[in-house]
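**Student:** Just the structure for this:
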Amino acid sequence: MSARSEAAGAGAARGLAAWVPLGVALAGIAVLWASPGLGTASRAAGLLLVWVGLWGANTRLATLEVAPAWARLRRFAVAAIFGLTLLTLWEAAVTVFAVPSVILPAPSVIGARFVSALPMILGDLWQTLIKGALTGWLIGAAAAVGTAIAIDRSPFLQRGLLPIGNFVAALPIVGIAPILVMWFGFDWQSKAAVVVVMVFFPILVNMVAGLAATDALQRDQMATWSAGYWQSLVKLRLPAAMPFLFNGLKITTTLALIGAIVAEFFGSPTRGMGFRISTAVGQMDLALVWAEILMAAIAGSLFYGLVALIERRVTFWHPSQRQ
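**Tutor:** Residues are numbered from 1 along each chain as shown. Alright, predicted model coming up:
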């Protein structure tokens, strides 16, 4: 057999293998289509076939060789197909097995509830994210940066304050939240206080590590230029600490939103994502609960992405930001 024939046969085999996962998924869809006349085991087998088939097709797409210009589009397509696969299986499972909506509503029901209640959800988002989470995050970040500089300046604080901060970070937020609500009231101030407690220590630890990240040669160079502590801090150590600081800031973007939502379970005005979730659970409106969760996930992702975008602009010189 010639080399050309072997190459043609190998290409045909690869093309056939690419269509096999889609065939498996279509077989699973056919089983689900006939599910009213089948048992529970057959329905579960149909869902499994759909999952395996779509997973295989997505895997083939992820390993497909494409031009560099299409690489980013492929990464987006893989993530989008994976998400759509999960939503499709969720919708099919709820429909085929007739799961009650009070236990798990279908994605289509959640989407419809999200659209119908969007003005109320946006009002809850403003109360929780902007007035509570963002305010507390900014205050906690500023306090952590200032404390890190003080710890770096004072060996006494370095030995005494960090263990106390570690102790405070280990306290359960569910136990602290009602105390802070009683101290600061039921409005956004108590939620911001809970967020400050949650974000302070992660940012502090990263900032302290960043201030210590410069090597002896760099510090000696600043000393030869007769630079004082504050000049060395501004010109050398703070820029070197930026990647560490942004690591802490990105970690705490999600913690801030979670802390504000948890705090609203223990007292809130008649708005806010935590308040809405707790009341919707009491009313058995699980579609609204999932709609609030969806908005929290979207807002948290956008918050994280915004901080990551600022990081790329500030730390463009760092190897992690180079293409």
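**Student:** pLDDT weak spots in the stretch 51-200 of the chain?
**Tutor:** 58, 61-62, 64, 66-71, 160 (pLDDT under 70).
**Student:** Just the endpoints, please. Distance across stretch 118-133?
**Tutor:** Separation of the first and last residues of stretch 118-133 by C-alpha to C-alpha, to the nearest Å is 20 Å.
**Student:** In it, which of the residues would be classed as buried?
**Tutor:** Ile121, Asp124, Leu125, Gln127, Thr128, Leu129, Lys131, Gly132, Ala133 (16 or more other C-beta atoms under 10 Å). To be clear about C-beta, it is placed using only N, CA and C from the backbone, and glycine gets the same treatment.
**Student:** correct me, but the fifth one touches Val262?
**Tutor:** No: under the criterion of C-beta atoms under 8 Å, Thr128 is not in contact with Val262, lying 10.5 Å apart.
**Student:** how many other residues sit next to Gly248?
**Tutor:** Residues near Gly248, counting by other C-beta atoms under 10 Å, number 24.
**Student:** how close does it sit to Phe114?
**Tutor:** Computed as C-beta to C-beta, to the nearest Å, the Gly248 to Phe114 distance reads 32 Å.
**Student:** again with Leu233
**Tutor:** Relative to Phe114, and taking C-beta to C-beta, Leu233 is found at 47 Å.
**Student:** Count the neighbours of Leu161 for me.
**Tutor:** 17.
**Student:** Check the one 4 residues further on too.
**Tutor:** If you count neighbours by other C-beta under 10 Å, Gly165 ends up with 18.
**Student:** tell me the domain ranges of the chain?
**Tutor:** Domain assignment for the chain by the TED database gives 1-97, 107-321.
**Student:** Deepest-packed of those, please.
**Tutor:** Of all those, domain 107-321 carries the top mean neighbour count, a mean of 18, counting by mean count of other C-beta atoms under 10 Å.
**Student:** before we move on, back to that, got JSON lines for the buried residues of stretch 118-133, with distance to Ile203 and secondary structure too?
**Tutor:** As requested, the buried residues of stretch 118-133 are exported to JSON lines (distance: C-beta to C-beta, whole Å; DSSP: H, G, I helix; E, B strand; the rest coil):
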{"residue": "Ile121", "distance to Ile203": "29", "secondary structure": "helix"}
{"residue": "Asp124", "distance to Ile203": "26", "secondary structure": "helix"}
{"residue": "Leu125", "distance to Ile203": "24", "secondary structure": "helix"}
{"residue": "Gln127", "distance to Ile203": "24", "secondary structure": "helix"}
{"residue": "Thr128", "distance to Ile203": "20", "secondary structure": "helix"}
{"residue": "Leu129", "distance to Ile203": "18", "secondary structure": "helix"}
{"residue": "Lys131", "distance to Ile203": "21", "secondary structure": "helix"}
{"residue": "Gly132", "distance to Ile203": "18", "secondary structure": "helix"}
{"residue": "Ala133", "distance to Ile203": "14", "secondary structure": "helix"}
